[in-house]
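Undergrad: Next comes the sequence, and after it the predicted model I'd like to discuss.
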Amino acid sequence: MRRAEIITALLMAGLSIYLMVKSAELPIGWIPGEGPGGGFWPFWLAAFMLGSIIWVIVNWFRRKSPPSQSEEPYLDAYGMKMFLLVGGGITGMIALVDIIGMHLAAAVFLIYYIRFLGGHSWKVTLGVALPTPVVTFLFFDIALRKFLPTGFMDPLYIPLYDFFL
Amino acid sequence: MELIGLLSDGFLVAFEPLNLGLIVLGVVVGLFVGAMPGLGSVNGVAILLPMTFLVPPASAIMFLAALYYGAMYGGAISSITLGIPGASTAVATTFDGRPLAMQGEADKALIAAALASFAGGTISIVLFTLFAPPLASVALDFGDPEIFALMILAFATFVGLSGDDIAKTVFSICIGMVMSAIGFDIISGEPRLVLFDLIGFQSKINFLVLAIGIYGIGEMMWTIEVSRGETMMSKVTVSVERVMGNLKIIWGTWKAWFMGSVLGFFVGILPAAGATPGSLMAYGVAKMTSREPQMFGKGAVEGVVAPEAANNAASTGSMLPMLTLGIPGSPTTAVLLGGMVIWGLQPGPRLFVTETDFVWGLIASLYAANLFAVIINIAFIPLFLWFLRTPFTILAPLIFVLSMVGGFASTERMFDVWLMLILGVGGYLMRKLDYPVAPAVLAIVLGPIAEPALRQSLLISSGDVMVFFNRPISGPIMIIALILLFMPAFQVVWRRIRGKKPMAG
């Protein structure tokens, strides 16, 4: 935990400096007749971010905050496994959207999670994974007219749109 | 008299068939969301907000407010039967609710919780009805310096009262504000903070991207990691005779739930405080003033009714600054406020003038939601217990899917879905290191209001920051904010002085 605390703080310090530099692309000072420039607000906020991170780093050196005292691992074996399997699964689902579309990607993800991570029966898995895309399609694409991405599966949806809309 | 007229008009709006249906649906969904460990009102409201685009804005917000209410009721169900709070707001309910359940009196605890929630809800809505119009009429005179001072006060409460690491709280507030500044300068319209020169950052980050990321993805990952163990569900026997018997006992605890309601309402108004500390404080006060304080923690009914009345009252309290000042009193109301902006309603005191039907309809809907929540809660206790048996390995992936679909539907850009994932995972990893996430969500909603208020104020005063201090309303607000900001420092000094005294003596 202690190492994670300092690594995160250093990364956030870097982010703060980057945001300060980026904000300074617009005027950060006073423009006569217009008041503070466009970069003024984010620049000073990013400066406060940097200041607070320096405070976190000082606390780390002085071992003042609980994470800076903790010798426990940041993610233990179970935590790491879950993080990779769940986080990886969600990333995979979003990556699949461009290929097979959002509805089918959701179904694939549900099968992966419920059957393989959850260890449920195929009956339960398919009982959840198959109706979900149908419901999301009817709710979003048809009722709300918010067309979710279909990827390369576009031809499959044309007759459905023709039928419902 | 005028108040009663406005409220009756509100009831006419709330009782329109669509609105009434949505209020009942909101309460039911809220009860489930609240009962499910790991899911609270804010998760429900954030994830379901994109679904409400189907109905008119006023109906949508009534649905979400009813969900908020239902979740406050629902939290107690799992606190009592599983011993795990359904939401952080129901933590205090476990202290005595769980022991009661272990003694075979889960039904007494559940009914006590439901009735206390009803009392808390009712008392707080009456307070809300009385306080909101005068507060809104005072707020109508607010100029930019007052608005900015209020923003500072809202964030100062996080620093002074939340009890989180102060440096990390400040970081969380600032990063939320910077995120709200991405896209373009709201005054000159020039592109601003186009991070890594990505086209996706040329427009604003929708607050829902952050809210769903944090509360849909981040919090689920957190719950999956934390809730590793199996849980034991207590048996519940419900019968009409038992209900009647319990009613008498619960009525006898009126002092605890009445105090809880009033305390909860006022604590709920503060942005950083809200329902969780409100219910813990109510528990503490109930214990202090009880005739049998030794029974607390061992199954005292007072220990259930006080926090439950308080958390419902706090949820109403947090809507007071949201509707009258445009400043959310809790993360859930922050999401509601963001939703109002999407729906084209400008939050703030003007709502009471320009959108009278909406405001009073919403207030009336709270009365209705409260009544439906208590009836549905008590009538369907067995159904909620059955639902609580749904394995998290089925619920979690469904929430991830809803988050992705809802995140896309709110902006219709895949870029935002990726951003939501990054913010959600980032939020989870930061939260493990005690960085609080709620201030960032509030900040991304309030940032676009705070920035123009600051810049206009400075423009009026030609750059003199004293403009915030020498006006009759913004001055005292700023001073209270500064006291709150420096409160942790005062506490440190105070502790040192007190710590040194015995040594000196």
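TA: Sure, I can see it. Numbers count the residues shown, from 1 in each chain, chains lettered A, B, ... in the order given.

Undergrad: Now the one residue in chain B that gets nearest to chain A. Nearest residue, chain neighbours left out?
TA: For chain B, the residue positioned closest to chain A under C-beta to the nearest C-beta is B:T393, at a distance of 2.9 Å. For glycine as for every other residue, the C-beta is placed from the backbone atoms N, C-alpha and C. Here the nearest residue to B:T393 in space, its sequence neighbours aside, is A:G118; by C-beta to C-beta, 6 or more residues apart in numbering or on different chains that works out to 2.9 Å.

Undergrad: How about the contacts made by the one you found?
TA: A:G118 makes contacts with B:P391, B:T393, B:I394, B:P397, as judged by C-beta atoms under 8 Å, 6 or more residues apart in numbering or on different chains.

Undergrad: for A:A24, same thing?
TA: Contacts were defined as C-beta under 8 Å, 6+ apart; by that measure A:A24 touches A:G39, A:F43.

Undergrad: now it: how far from A:I17?
TA: Distance of A:A24 to A:I17, computed by C-beta to C-beta, to the nearest Å: 11 Å.

Undergrad: who's in contact with B:S188?
TA: For B:S188, the contacting residues are A:L26, A:E34, A:G38, taking C-beta under 8 Å, 6+ apart as the criterion.

Undergrad: Not counting its own residues, what contacts the one helix or strand A:I17 maps to?
TA: Counting by DSSP states H and E, the secondary-structure element that holds A:I17 is helix A:2-23. With C-beta under 8 Å, 6+ apart as the test, helix A:2-23 has contacts from A:39, A:42-43, A:46-47, A:49-50, A:53-54, A:56-57, A:60, A:65, A:67-71, A:74, B:171, B:178, B:181, B:192-195, B:429-430, B:432-433.

Undergrad: Just the pLDDT for residue 8.
TA: The chain I'm using is chain A. At A:T8, the predicted lDDT confidence score is 95.

Undergrad: my bad, chain B
TA: According to the per-residue confidence, B:S8 scores 91 in pLDDT.

Undergrad: Tell me, how many residues neighbour it?
TA: Residues near B:S8, counting by other C-beta atoms under 10 Å in any protein chain shown, number 11.

Undergrad: list the contacts for it?
TA: Under the contact definition (C-beta under 8 Å, 6+ apart), no residues are listed for B:S8.

Undergrad: which residues in the chain form strands?
TA: Using chain A here. Across chain A, reading from the start of the chain, the strands by DSSP state E fall at A:30-31, A:35-36.

Undergrad: other chain: chain B
TA: B:183-184, B:191-192.

Undergrad: Which among those is found nearest to B:S403?
TA: Ranking those by proximity to B:S403 (C-beta to C-beta) places strand B:183-184 first, at 22.4 Å.

Undergrad: That closest one pairs with which strands, and in what direction?
TA: If you go by DSSP bridges, strand B:183-184 pairs up with strand B:191-192 (antiparallel).

Undergrad: any idea of the mean pLDDT in the partner strand?
TA: 92.

Undergrad: try stretch A:84-104
TA: Per-residue pLDDT values across stretch A:84-104 average out to 95.

Undergrad: Work out the gap between that stretch and the centre of the chain.
TA: Computed by C-alpha atoms, centre = their mean, to the nearest Å, the chain-centroid distance of stretch A:84-104 equals 12 Å.

Undergrad: still on that earlier bit, tell me the most buried of the strands of chain B?
TA: The highest mean neighbour count among the strands of chain B belongs to strand B:191-192 (a mean of 19), with neighbours defined as mean count of other C-beta atoms under 10 Å in any protein chain shown.

Undergrad: thought B:G160 was touching B:A489?
TA: No. Here B:G160 lies out of contact with B:A489, judged by C-beta atoms under 8 Å, at a distance of 9.9 Å.

Undergrad: more crowded one of the two?
TA: In this view B:G160 and B:A489 are compared by other C-beta under 10 Å, and B:G160 has more residues nearby, 25 against 11.

Undergrad: how far away is that one from B:P321?
TA: According to C-beta to C-beta, B:G160 and B:P321 sit 16 Å apart.

Undergrad: again, but for B:P56
TA: Between B:P56 and B:P321 the computed distance is 25 Å (C-beta to C-beta).

Undergrad: So for the two, which sits in the more crowded spot?
TA: When neighbours are counted by other C-beta under 10 Å, B:P321 comes out ahead of the other of B:P56 and B:P321, with 26 against 13.

Undergrad: neighbours of B:L54, just the number please.
TA: Residues near B:L54, counting by other C-beta under 10 Å: 14.

Undergrad: Now do the contacts for it.
TA: Counting by C-beta under 8 Å, 6+ apart, the residues that B:L54 touches are A:F139, A:A143, A:L144.

Undergrad: give the contact list for residue 113.
TA: You didn't say which chain, so I picked chain A. When the contact criterion is C-beta under 8 Å, 6+ apart, the partners of A:Y113 are A:V86, A:G89, B:T393, B:A396, B:P397, B:F400.

Undergrad: think we crossed wires, I meant chain B
TA: By C-beta under 8 Å, 6+ apart, the residues touching B:A113 are B:Y73, B:A76, B:I77, B:S79, B:I80, B:T93, B:G97, B:V304, B:V305, B:E308.

Undergrad: make it 6 Å
TA: Under the criterion of C-beta atoms under 6 Å, 6 or more residues apart in numbering or on different chains, the neighbours of B:A113 are B:A76, B:V304, B:E308.

Undergrad: Please determine how far the closest residue to it other than its chain neighbours is located from B:A313.
TA: Nearest residue to B:A113, sequence neighbours excluded (C-beta to C-beta, 6+ apart): B:A76, at 3.6 Å. In this view, B:A76 and B:A313 are 14 Å apart by C-beta to C-beta.

Undergrad: Select from the contacts of A:Y113 the one having the most neighbours.
TA: Among the contacts of A:Y113, B:P397 has more neighbours than the rest - 27 neighbours, counting by other C-beta under 10 Å.

Undergrad: neighbours of residue 117, just the number please.
TA: Here I'm looking at chain A. 16.

Undergrad: my bad, chain B
TA: For B:S117, the tally of surrounding residues (other C-beta under 10 Å) stands at 33.

Undergrad: Would you mind listing the residues in contact with it?
TA: Contacts of B:S117 were listed using C-beta under 6 Å, 6+ apart, and they are B:Y73, B:E308, B:N312.

Undergrad: quick revisit: in helices only, show me the contacts of B:S188.
TA: Taking DSSP state H, every one of the contacts of B:S188 sits outside helices.

Undergrad: TSV for those residues, including distance to B:M420 and pLDDT?
TA: Conversion of those to TSV gives the following (distance: C-beta to C-beta, whole Å; pLDDT from 0 to 100):
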residue	distance to B:M420	pLDDT
A:L26	27	92
A:E34	35	80
A:G38	27	91
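
Undergrad: ok, and the most crowded of those residues?
TA: Neighbour count (other C-beta under 10 Å) singles out A:G38 as the most crowded of the contacts of B:S188, with 27 neighbours.

Undergrad: phi, psi of that residue?
TA: When quoted as degrees, to the nearest 10, the phi and psi of A:G38 stand at phi -60, psi -20.

Undergrad: hang on, isn't it packed against B:P191?
TA: No. Judged on C-beta atoms under 6 Å, A:G38 makes no contact with B:P191 at a distance of 9.3 Å.
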